[in-house]
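A.B. asks: Fold the following for me, if possible:
(one chain, ligands or ions: 1)
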Amino acid sequence: MIMFGTMMTYPLNISQIIEHANLIHGDKRVYTLLPNGKVHSYTYAELYNRVKQLANAMTALGICRGDRVATYAANTYQHLEFYYAVPLMGAVVHPLNIRLSPTQLSKIVNEAEDKLIFVDGQFSEQFAKLQQEIDCKHIVHFNNNSEHSLTEKTIHYEQFIAEADSEYDFEIQDENSAMALCYTSGTDGKPKGVLYTHRSMCLHTLAANQADVFGINESDVVMPVVPMFHAMGWGLPYVSMFAGADIVLHGNNNHRIVDLIAETGVTVAAGVPTVWAKLYPELQKRKREISSLHRLIVGGEPMPPTLIEGYEKELGIEVRHAWGMTEMSPTGTFCTLRKTHQKLPDTEKWNIKAMQGRPIPGVQIRIVNENSVELPWDGKTIGELQVRSPWTAGSYYKTKPSTEHFTEDGWLRTGDLATINKEGYMHIVDRVKAIIRSGGESISPTAIQRVLLTHSQVVEATVIGVPNKKWGERPIAVVVISSDTVENISEVLKQHLATEFPKFWIPDRFIIVDEIPKTGVGKIDKNAIKQLIATEFNISSKG
Ligand code: AMP
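C.D. replies: Predicted coordinates:
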């Protein structure tokens, strides 16, 4: 017979985060870079009052429990207000990826049946195109400087909340009720909705802020450069406020990130590797001004060891390389060194840090072969990575669970190929679908990319498989090179790769471009590259 414990059955709720932040850290600040270049700043206590006003205003508009409320917005204080007000009413916040096309987004908005959309004024013009294709009852604009695209459906945010009462009794929600909806980026097909619960997000908030994970405390000043629409800004809006850290929001103005770090004393910043690769020269030039910055949280794509070395050795900034997925709220693994690694030479340390790390407490990982047999943790054997945790999706929104995405024993199939070593460090080899099959052998585009990036004249690189009559598929590299590049760079790069790889791994062609196309969340856009290759060589690449 089960013996039940005697503890309170107090449901996990997002309200606990904001109530704690207001009561214990009410004087901590949120800074936002506005489109006019000024920095807006207010306290958690002020944010808390506006959250309650917003909840009252949405209630008056007829928003009810379970309704989906979308945002089409940059990282700003108003966006942060929605992340609390919407779930606290029992409604579901649905951040839209502003970089998707109106056709992609209209499908998502129509599937989600969003009742209300909050639109950031700086995106009014691009939103106008989407607005024609969706059926949404109410639209609220904020920070709107122009009259562009304002229709009779439009309400202004500040007017919207100004009249509303700042007393609001947050009902405690069932902890398994939905609180947010995020769509996957859809790199392997149609974007799929992941519906987080109060419970999953609260548990993620607690687990993601352990010392060896985000490790954020009250003295920190946190800047999520990652857009808030990318897997809930990696959970940082909740993690940072629960910890009582100041928050700095850059309004999606990547050109002012270094200024903001210097002005507000950012200590921890988070974003994809391409952002940090681009900012590196400026950070190096202004090293003294950014001395407050002591940790980068990097994920979404592999962080090259050379870039880790640059940040750690030249700038003295610790790099924490993470792996996760929208389906995992998103944190899965984090790479910090063990005590036994401290005595290793620096290059060995950076090679460990280039791995995606160990599962954070609460996450389980395993690798399996095509027959679903579990593979050993020897650091060599490659298998499909599968995961489970209390903050991992068990199914997709409006989609029947299928064995394509979930195993019969309840694990998520990540679509990533990985090794795991005996210490539990996971290393992503590639996406299953990205592996190039040439003459019956496998070639890892990520491994080639990694070695290309160690060449002094390579600024950015990616590798793609294209169909080939003789071999099935062959690799092609797309590369951005520095201005002082020598002649015959393709030959130089081939020789560089030949020191590491067998002949058949060397890409047949090197396409030199000015910039590698990126997706809405700043990752390398392999679909756009496939099109580029198809136009350049009149061939179609791997689908
Ligand atoms: P998203 O849901 O858009 O965050 O994409 C999740 C996918 O991004 C994962 O399944 C991986 O393929 C990839 N990913 C995330 N973090 C990393 C990383 N640190 N290294 C390599 N791939 C990563």
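A.B. asks: Return the nearest residue of this protein with respect to the ligand.
C.D. replies: T326 (3.5 Å; Cβ to the nearest ligand atom). C-beta here means a position set from N, CA and C on the backbone, and glycine is covered the same way.
A.B. asks: thinking that residue is in contact with Y183, fair?
C.D. replies: Yes. Between T326 and Y183 there is a contact under Cβ atoms under 8 Å: 7.4 Å.
A.B. asks: more neighbours, the two?
C.D. replies: Relative neighbour count places Y183 above the other of T326 and Y183, with 26 against 21, counting by other Cβ atoms under 10 Å.
A.B. asks: residue contacts, the more buried one?
C.D. replies: 97, 108, 191-194, 326 (Cβ atoms under 8 Å, 6 or more residues apart in numbering).
A.B. asks: Skipping adjacent residues, who's closest to it in space?
C.D. replies: P191 (4.2 Å; Cβ to Cβ, 6 or more residues apart in numbering).
A.B. asks: Need the three-state assignment for the one you found.
C.D. replies: coil (DSSP: H, G, I helix; E, B strand; the rest coil).
A.B. asks: how close does it get to L96?
C.D. replies: 11 Å (Cβ to Cβ, to the nearest Å).
A.B. asks: before we move on, back to that, contact partners for the residue of the chain closest to the ligand?
C.D. replies: Counting by Cβ under 8 Å, 6+ apart, T326 has contacts 182-185, 194, 230-231.
A.B. asks: Regarding the closest residue in space to P95 that isn't next to it in sequence, what is its secondary structure?
C.D. replies: Nearest residue to P95, sequence neighbours excluded (Cβ to Cβ, 6+ apart): F229, at 3.8 Å. What three-state DSSP gives for F229 is coil.
A.B. asks: For F229, list the residues it contacts.
C.D. replies: 71, 73, 95-98, 182.
A.B. asks: same thing but 10 Å
C.D. replies: 70-75, 79, 94-100, 182-183, 252, 520-521 (Cβ atoms under 10 Å, 6 or more residues apart in numbering).
A.B. asks: restrict these to contacts with the ligand.
C.D. replies: V521 (Cβ under 6 Å from any ligand atom).
A.B. asks: quick one: which of the contacts of F229 sit in helices?
C.D. replies: Among these, the members found in helices (DSSP state H) are H79.
A.B. asks: Could you list everything I247 pairs with in the sheet?
C.D. replies: On the basis of DSSP bridges, I247 is bridged to V30, V222.
A.B. asks: wouldn't it be in contact with Y83 here?
C.D. replies: No. The pair I247 / Y83 is not scored as a contact, 11.1 Å apart, by Cβ atoms under 10 Å.
A.B. asks: Name the residues contacting each of these two.
C.D. replies: Joint contacts of I247 and Y83 (Cβ under 10 Å, 6+ apart) are 233, 237, 241.
A.B. asks: Secondary structure element holding the last one?
C.D. replies: Secondary-structure assignment from DSSP states H and E places M241 in helix 236-243.
A.B. asks: Against which helices or strands is that helix packed?
C.D. replies: helix 15-25, strand 29-33, helix 44-61, helix 77-88, helix 198-208, strand 221-224, strand 246-249, strand 268-271 (3 or more Cβ pairs under 10 Å, 6 or more residues apart in numbering; DSSP states H and E).
A.B. asks: Can you lay out these as TSV showing mean pLDDT and mean neighbour count?
C.D. replies: TSV is the format used below for the helices and strands packed on helix 236-243 (pLDDT from 0 to 100; neighbours: other Cβ atoms under 10 Å):
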stretch	mean pLDDT	mean neighbour count
helix 15-25	97	18
strand 29-33	98	22
helix 44-61	97	20
helix 77-88	97	25
helix 198-208	98	23
strand 221-224	98	24
strand 246-249	98	26
strand 268-271	98	26
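A.B. asks: Can I get these in CSV including distance to S292?
C.D. replies: CSV is the format used below for those (distance: least, Cβ to Cβ, whole Å):
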stretch, distance to S292
helix 15-25, 19
strand 29-33, 13
helix 44-61, 20
helix 77-88, 21
helix 198-208, 22
strand 221-224, 7
strand 246-249, 11
strand 268-271, 10
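A.B. asks: Quick check, pLDDT for V486.
C.D. replies: pLDDT for V486: 67.
A.B. asks: Can you pull the residues of this protein lying near the ligand?
C.D. replies: So the chain meets the ligand at 184-185, 231, 299-302, 321, 323-326, 330, 356, 414-416, 428, 431, 521 (Cβ under 6 Å from any ligand atom).
A.B. asks: In PyMOL, how would I select just the buried ones from the residues you listed?
C.D. replies: Command for PyMOL that selects the buried part of the residues of the chain next to the ligand, burial taken from 16 or more other Cβ atoms under 10 Å:
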select buried, resi 184+185+231+299+300+301+302+321+323+324+325+326+330+356+414+415+416+428+431+521
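A.B. asks: now, which of the residues of the chain next to the ligand lie within strands?
C.D. replies: Using DSSP state E, the subset of these located in strands is 321, 323-324, 414-416, 428, 431.
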